[in-house]
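1. model this:
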Amino acid sequence: MSDDERELRPATQVVHAGERMPAPAGAPTATPVYATTTFTYATMREMDEVFAGAREGHVYTRHGNPTVDALEEAVRALEGGRRSVAFASGMAALHGALVACELRPGTSVLASQDLYGATATLLAEVFAPFGVKTETCDFGDAERLRALARELRPRVLIAETISNPLLRVCDVEQTAAVAREAGARLVVDNTFATPLLCRPLRHGADFVVHSATKFLGGHGDATGGLVVAREEEDGARLYRAMKLAGGILGVWEAHEILRGIKTLAVRLECQCENARLLAERLAGHERVARVHYPTLEQRELAARVLGGQMGGALVTLELKEATREAAFRFMDALRLCVRSTSLGDVFTGVLHPATASHRELAPERRRALGITDGVVRVSVGLEDIRDIVTDIVRALEA
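-> Numbering: from 1, shown residues only. Below is the predicted model of the structure:
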């Protein structure tokens, strides 16, 4: 025991004993959880240099944390961008990406009509009051998209690689060409595809967004979001938006998502194969009017954009009895599949878009987009496909 320790009273010792130990001699093989809000240095000069950006390091977890850094680097590498920034949720990440695009009063956004309901609401209720106008169109209609972009000269184009919930595939390369011609930035939500099926930055996107709550985490136990920028300058604006708005990802969630990513390849391969088999099995069912699945409906485009034979891990059903009551009866009859308001988990989850993901859209708007009350989205999990099929067919026939 040192002389300093002998002079300290118990109330002081319980606060400081065991803290700020030297770094261990062995390097950890898994990223530790740095459960600290602040970081200290031997001198104020060192701390000042870190604050100023002249020295590598951390000072405050809102500005950065080693655990979160590791997750950001993993997703940056997967997407092939210059910088990745983590946020507290997928919606916070999407908001950060739009802020980094420097939307100002009088600027406009050209959005795909096939967007997650909350994304449309974000544009309408958060950005519109500040004078940002949003127009929507079918991004699958290249001529209409190009004409609107020439007319509006938007600041941002925004789309999803695989849309929610009707699973329409976006021709990212074609959309990026339209964005460049209009002098706009292209933001692509790649949550449904993940970097294993598509890397939008390689197709010309400027920002790629993920709700890491979904496939990246994959186990239904962590909420988070990430944005990857193609250019360093955009990455710097993205980081500043995160730091100032404060929607940071917690270190425990970062650790869980980083651990989930390690099994993404094996999970997704199984889920995609299960989804394909489920879609093919249900395509002719007497109680199903239509099955939405990329490789069934858009085989050529899906192969080109998604880079192979896999069409994703979601299947969307349109029931012949296109009513809320029929959808609820079907979902209530499920025994194995879980009624869940998320997706991308290891278990098979079902969701009713009209009352969940697209609830905030006006009913007439939902119907115009093809999202009737009889639409049910299935996020296919890792269970034996025979058990998934049995459960869904039994519920359809109930």
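
2. C-alpha from now on. contacts and neighbour counts both.
-> Will do.

3. and residue 199, how many neighbours does it have?
-> By the criterion of other Cα atoms under 10 Å, residue 199 has 24 neighbours.

4. burial of the closest residue to it other than its chain neighbours, as a residue count?
-> Nearest residue to residue 199 in three dimensions, chain neighbours excluded: residue 79, at 5.5 Å (Cα to Cα, 6 or more residues apart in numbering). A count of nearby residues for residue 79, using other Cα under 10 Å, gives 25.

5. wait, what's in contact with residue 79?
-> Listed by Cα atoms under 8 Å, 6 or more residues apart in numbering, the contact set of residue 79 reads 195, 199, 200, 201, 228.

6. so what does the third one have for phi and psi?
-> In this entry, residue 200 is assigned phi and psi values of phi -60, psi -30 (degrees, to the nearest 10).

7. ok, it to residue 187 distance?
-> 9 Å (Cα to Cα, to the nearest Å).

8. same deal with the fourth one?
-> Between residue 201 and residue 187 the distance is 9 Å, computed by Cα to Cα.

9. quickly list what's touching both of these two.
-> Common contacts of residue 201 and residue 187 (Cα under 8 Å, 6+ apart): 207, 208.

10. between the two, which has more neighbouring residues?
-> Per other Cα under 10 Å, whichever of residue 201 and residue 187 has more neighbours is residue 187, with 29 against 24.

11. A helix includes that one, no?
-> No: per DSSP: H, G, I helix; E, B strand; the rest coil, residue 187 lies outside any helix segment and is strand.

12. for it, give me the pLDDT.
-> As predicted, residue 187 sits at a pLDDT of 98.

13. could you do residue 1 as well?
-> 49.

14. what number of residues lie near residue 394?
-> If we define neighbours as other Cα under 10 Å, then residue 394 has 14 of them.

15. tell me the contacts of it?
-> By Cα under 8 Å, 6+ apart, residue 394 lies in contact with 333, 334.

16. and if you look at residue 392?
-> Counting by Cα under 8 Å, 6+ apart, residue 392 has contacts 334, 337.

17. quick one: secondary structure of it?
-> helix.

18. what's the separation between it and residue 99?
-> Separation of residue 392 from residue 99 (Cα to Cα): 42 Å.

19. would you map the helices across the stretch 101-250 of the chain?
-> 117-122, 142-152, 172-182, 194-197, 232-245 (DSSP state H, counting those that start in this stretch).

20. ok, which of the ones you listed comes nearest residue 398?
-> Closest to residue 398 of the helices of the stretch 101-250 of the chain is helix 117-122 (Cα to Cα; 30.0 Å).

21. which strands and helices sit next to the closest one?
-> Judged by 3 or more Cα pairs under 8 Å, 6 or more residues apart in numbering; DSSP states H and E, helix 117-122 is in contact with helix 90-100.

22. hmm, who's touching the helix it packs on?
-> 86-87, 118-119, 122, 156, 187, 189, 207, 209-213, 223-227, 234, 237-238, 241-242, 247.

23. in this protein, where is pLDDT below threshold?
-> Scanning the chain for pLDDT under 70 picks out the ranges 1-5.

24. list the contacts for the residue nearest to residue 226 when sequence neighbours are not counted?
-> Using Cα to Cα, 6+ apart and skipping the chain neighbours, the partner closest in space to residue 226 is residue 86 (4.4 Å). Residues near residue 86 by Cα under 8 Å, 6+ apart: 68, 71, 72, 93, 224, 225, 226, 227, 242, 248, 249.

25. pull out the buried residues from the helix or strand hosting the first one.
-> Counting by DSSP states H and E, the element that carries residue 68 is helix 66-79. Going by neighbour count (16 or more other Cα atoms under 10 Å), the buried part of helix 66-79 is 66, 67, 68, 69, 70, 71, 72, 73, 74, 75, 76, 79.

26. for the nearest residue in space to residue 203 that is not next to it in sequence, give me its contacts.
-> Excluding its sequence neighbours, the residue lying closest to residue 203 (Cα to Cα, 6+ apart) is residue 173, at 4.7 Å. By Cα under 8 Å, 6+ apart, the contact list for residue 173 reads 203, 204, 205.

27. residue 365: which of those is nearest?
-> residue 205 (27.6 Å).

28. so the closest one touches residue 180, yeah?
-> No: counting by Cα atoms under 8 Å, residue 205 does not reach residue 180; the two are 9.6 Å apart.

29. re earlier: between residue 200 and residue 187, which contacts overlap?
-> With Cα under 8 Å, 6+ apart, residue 200 and residue 187 have common neighbours residue 208.

30. in the stretch 151-300 of the chain, which spans are strands?
-> Ranges of strands in the stretch 151-300 of the chain, per DSSP state E, counting those that start in this stretch, are 156-160, 185-189, 207-211, 225-229, 288-292.

31. all set now, cheers.
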